[in-house]
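Novice: The sequence isn't on hand, but the structure is:
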């Protein structure tokens, strides 16, 4: 996922795939997909928005 964010496949302010979609795309389990989103959130690369999903943080907003 991080490579996809860095390469622009998921540009700033776009919605990243859901946990279910990450499971399908990468062939991983639910817990692994959740850990990926948690890691990206902790790193400040994505930001969850309640009821909308998780969005890529623009480079200028990185902490």
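Specialist: Nice, thanks for sending it over. Predicted, not measured: the structure shown is a model, and the values here were computed from it. Numbers count the residues shown, from 1 in each chain.

Novice: switch to C-alpha atoms for all contacts and neighbour counts from now on
Specialist: Will do.

Novice: From what I see, residue 57 and residue 15 are in contact.
Specialist: No - taking contact to mean Cα atoms under 8 Å, the distance of 9.9 Å between residue 57 and residue 15 leaves them out of contact.

Novice: Between the two, which is the more surrounded one?
Specialist: More neighbours sit around residue 57 than around the other of residue 57 and residue 15, counting by other Cα atoms under 10 Å; the figures are 22 against 18.

Novice: contacts for the helix or strand residue 4 falls within?
Specialist: Under the criterion of DSSP states H and E, residue 4 resides in helix 2-7. Outside helix 2-7, the residues that touch it by Cα atoms under 8 Å, 6 or more residues apart in numbering are 10, 11, 12, 40, 56.

Novice: Tabulate these in JSON lines, adding columns for distance to residue 28 and neighbour count.
Specialist: Formatted as JSON lines, the entries for the contacts of helix 2-7 read as follows, by distance: Cα to Cα, whole Å; neighbours: other Cα atoms under 10 Å:
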{"residue": "10", "distance to residue 28": "19", "neighbour count": "18"}
{"residue": "11", "distance to residue 28": "23", "neighbour count": "17"}
{"residue": "12", "distance to residue 28": "25", "neighbour count": "19"}
{"residue": "40", "distance to residue 28": "16", "neighbour count": "16"}
{"residue": "56", "distance to residue 28": "21", "neighbour count": "20"}
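
Novice: Pull the most distant pair out of those.
Specialist: Within the contacts of helix 2-7, two members stand farthest from each other by Cα to Cα: 11 and 40, at 14.3 Å.
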